[in-house]
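Asker: 3D, please:
(one chain, ligands or ions: 2)
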Amino acid sequence: MDAQTAHIGVRPRYLVIMGVSGTGKTTIASGLATRLGWRFQEGDALHPPANVEKMSAGQPLTDTDRAPWLALCHEWLRAQVEAEQGAVLTCSALKRAYREQLAGEGLPIEFVHIDTSADALAERLKRREGHFMPASLLPSQLATLEVPGDDEPVIRVSGEKHPDLVLEELIRHFQAED
Ligand SMILES: Nc1ncnc2c1ncn2[C@@H]1O[C@H](COP(=O)(O)OP(=O)(O)OP(=O)(O)O)[C@@H](O)[C@H]1O
Ligand SMILES: O=C(O)[C@H](O)[C@@H](O)[C@H](O)[C@H](O)CO
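Answerer: Numbering: from 1, shown residues only. Ligands and ions are numbered 1, 2, ... in the order given. Model (predicted):
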């Protein structure tokens, strides 16, 4: 545990920051990784090019499309657990089955579900520029989302609070549990 992490007093964790497109996964994940000195991976960067092309064309992904992507995400998580340095991955992880695949082989994965209202999401995606995901896919994202159950290792946060407040809330949560 380096000086910064020791100062904050949080043991290494292995987090998947999840939720629908536009909910704030990259914002929160990168903020956590920076504050805690943990490794960060943008899950979208692990998509096969065909998946990005499909979404860019306004077509929702299928379970078959997501399978190789989720396998790469799981592999990244497994390598981080072995490295024991703490890690944060962004991944929509919309379905329970996807979350089970990410946490497969008994990996100690925790999910942070960022929940944002449909209206706020629509407004954000309408304004967002330079991203491959069209706002037209928001309804399919919301329809596909299976909100994590209380039986899943999930921490629920709001996507409509200021990101700095969410980061402080998460770090306090980790400190209280350690
Ligand atoms: N709490 C927030 N309040 C207001 N705007 C936010 C908040 N969090 C993120 N945003 C904005 O919403 C947009 C999407 O944020 P971000 O890229 O982090 O989401 P994402 O879930 O990673 O999206 P995607 O999955 O589509 O890549 C960005 O323009 C970001 O600045
Ligand atoms: O599961 C999915 O349908 C996709 O992963 C999307 O969620 C994108 O990755 C991301 O949200 C891009 O905006």
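Asker: mind listing the helices for this structure?
Answerer: Assigned by DSSP state H, the chain shows helices spanning 3-8, 25-36, 49-56, 63-83, 96-102, 118-127, 138-144, 163-177.
Asker: what does this structure put close to ligand 1?
Answerer: Applying C-beta under 6 Å from any ligand atom, we find that the chain lies next to ligand 1 at 19, 21-27, 44, 90, 124, 128, 133, 159-160, 163. Glycine gets a C-beta too; all of them are placed from N, C-alpha and C.
Asker: can you do 8 Å?
Answerer: Listed as neighbours of ligand 1 in the chain under the rule C-beta under 8 Å from any ligand atom: 17, 19-30, 42, 44, 90, 92, 114, 116, 120, 124-125, 127-128, 131, 133, 158-163, 166.
Asker: can you list contacts of the lengthiest strand in the chain?
Answerer: Taking DSSP state E as the criterion, the chain has its longest strand at strand 109-115. Strand 109-115 has contacts (C-beta atoms under 8 Å, 6 or more residues apart in numbering) with 13-19, 23-25, 28, 77, 93, 99, 102-103, 147-148, 152-159, 166, 170.
Asker: low-confidence bits of the protein, can you list those?
Answerer: Along the chain, segments meeting pLDDT under 70 span 1-7.
Asker: can you pull the residues of it lying near ligand 2?
Answerer: Near ligand 2, the residues belonging to the chain are 20-22, 25, 43-44, 47, 51, 55, 60-61, 66, 69, 91-94, 98, 131-133, 137, 140-141, 144 when assessed by C-beta under 8 Å from any ligand atom.
Asker: of those residues, buried ones?
Answerer: The neighbour-count criterion (16 or more other C-beta atoms under 10 Å) marks 20-22, 25, 43-44, 47, 51, 55, 61, 66, 69, 91-94, 98, 133, 137, 140-141, 144 among the residues of the chain next to ligand 2 as buried.
Asker: next, the buried residues of the longest strand of the chain.
Answerer: Buried residues in strand 109-115, counted by 16+ other C-beta under 10 Å: Ile109, Phe111, Val112, His113, Ile114.
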